[in-house]
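Undergrad: any chance you could fold what I've pasted below:
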Amino acid sequence: MKPKTIKCNPEWHPKDADKSLYAGEIVSGISISDRPNAGRRRKAPLDADKAVEGIENGNTALLARAITMVESEATAHKEIAREVVRRCLPASGKSIRVGITGTPGAGKSTFIECLGKKLCAAGHKLAVLAVDPSSSVSGGSILGDKTRMEELSRMPNVFIRPSPSGCTLGGVAAKTRESILLCEAAGYDVILVETVGVGQSEVAVRSMVDFFLLLQIAGAGDELQGIKKGVIEMADAIVVTKADGNNVTRARAARSEYERVMRFLHPYTPKWKPKAMACSSVTGEGVDEIWEMITGFEQFLKENGVFESRRAAQNSQWFKTLLEESALRLFYQKSEVKGCLSEVRDKVAAGELTVMEAVERVLQTY
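TA: This next block holds a predicted model:
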């Protein structure tokens with residue numbers, strides 16, 4: 001039997017259909033409109049004064065809108081974002097910044113929710129900048145992390161901001177640094193930056209936080225195969241998660257293995273001995289000790305005069321990175337370069353021009 005073919009009219013419109021088929025004719029209170037956005041009120045444009053005032057007063061809605069403008073590529077938004085960040089800068093810097101990364105499935109979101117609830121109970125204001133994988137369709141954040149932190153996201157002293165990682169190496173959104181400053185200006189004294197844990201270049205995380213925490217799991221084969229040596233060297237501590245139930249023995253064995261390995265590596269922070277710990281985000285066992293270690297690390301940095309100097313160095317690196325990105329953007333915007341690129345790209349694809357020759361020709365055009 002041949003399958004029935006259904007013909008679809010590309011010009012079909014809801015107003016042409018039999019409205020008795022719609023829920024709006026069956027359930028009272030539901031209306032059908034020809035326009036998807038009908039009745040939706042547009043938000044008034046956010047200006048710098050309103051944004052700064054809202055941020056200083058702890059208005060999370062305005063904080064979220066300000067971060068959206070920071071992440072935006074629109075010229076008008078960039079101008080307002082620069083002004084907002086400039087005016088919020090004096091009120092920033094009063095937090096402990098913790099970067100959290102790890103292999104996929106290590107339980108980063110679950111760990112953050114467990115730690116976050118404990119921090120809120122202790123009176124802290126927590127901001128979580130969860131850098132989500134980007135959607136291949138829309139380019140936006142998939143929002144997976146926020147849905148996994150369901151309990152934490154409902155707490156009044158918590159601000160969770162998922163941001164798309166885009167094309168940035170290391171799974172860090174390009175504007176995460178500015179987002180940190182705005183969250184600090186809003187009064188959040190603990191900033192957690194969670195990355196997607198793609199393992200490409202976690203240097204980006206390290207360059208914007210005070211403490212760098214690497215989460216690992218046990219029972220996944222050779223413990224050293226799941227991570228690169230360079231990532232371990234940048235970590236101030238490694239925590240083996242999911243140390244509960246039947247996995248306790250494996251987790252403790254993995255912790256001992258990491259502790260042994262870290263003895264032979266040069267620590268990222270001078271005079272600090274990186275720790276290896278284990279915890280359960282389900283039972284909460286070991287999580288308090290991890291936070292005590294982080295606060296002890298902060299005190300260690302301040303007592304040794306490293307805290308301020310590290311942040312100063314991070315600002316210098318930030319300046320260099322933004323300068324390089326801006327120069328690259330200006331390069332590609334030049335009309336001469338655009339015309340040359342199209343011609344040269346075709347010749348390279350056809351094998352008529354070597355890649356090195358093509359690069360030289362484009363640079364000469366600039």
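Undergrad: so where's the protein shaky on pLDDT?
TA: The chain contains residues with pLDDT under 70 at 1-44, 132-148, 164-174, 196-202, 219-230.
Undergrad: centroid-nearest residue for it?
TA: Nearest to the geometric centre of the chain sits residue 131, at 2.1 Å (C-alpha atoms, centre = their mean).
Undergrad: for the chain, longest helix please?
TA: Across the chain, the longest stretch assigned as helix under DSSP state H is helix 306-333.
Undergrad: mind listing what's buried in it?
TA: 306, 307, 311, 314 (16 or more other C-beta atoms under 10 Å). For the C-beta atoms, the positions are set from N, CA and C on the backbone; glycine is no exception.
Undergrad: those: which two are farthest apart?
TA: Spatial extent of the buried residues of helix 306-333 (C-beta to C-beta) is set by the pair 306 and 314 at 11.9 Å.
Undergrad: where along the stretch 151-300 of the chain do the strands fall?
TA: Secondary structure of the stretch 151-300 of the chain (DSSP state E, counting those that start in this stretch): strands located at 158-164, 190-194, 211-216, 237-240, 275-278.
Undergrad: keeping just the C-alphas, turn the fourth one into CSV.
TA: In this case it means strand 237-240. Presented in CSV, the C-alpha positions along strand 237-240 are these (Å, rounded to 0.1, in the frame of the first residue of the first chain):
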residue,chain,number,x,y,z
ALA,A,237,43.3,21.8,43.2
ILE,A,238,41.8,18.7,41.7
VAL,A,239,38.6,17.3,43.1
VAL,A,240,37.4,13.8,42.3
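Undergrad: which residues does it contact?
TA: Strand 237-240 is contacted from outside by 111, 211, 213-218, 232, 251-252, 254-255, 258, 262, 274-279, 286, 290, 293-294, using C-beta atoms under 8 Å, 6 or more residues apart in numbering.
Undergrad: which strands and helices sit next to the longest helix of the chain?
TA: helix 287-303, helix 335-349 (3 or more C-beta pairs under 8 Å, 6 or more residues apart in numbering; DSSP states H and E).
Undergrad: quick check on the contacts of strand 237-240: which are buried?
TA: 111, 211, 213-218, 232, 251, 254-255, 258, 262, 274-279, 286, 290, 293-294.
Undergrad: ok, back up a step: sec struct for the residue nearest to the centre of the chain, please.
TA: Here residue 131 is recorded as strand under DSSP: H, G, I helix; E, B strand; the rest coil.
Undergrad: that one pairs with what?
TA: residue 163 (DSSP bridges).
Undergrad: gap between the nearest residue to residue 347 once chain neighbours are set aside and residue 243?
TA: Spatially, and ignoring its direct neighbours in sequence, residue 347 is nearest to residue 353 (4.0 Å; C-beta to C-beta, 6 or more residues apart in numbering). Per C-beta to C-beta, to the nearest Å, residue 353 is found 57 Å from residue 243.
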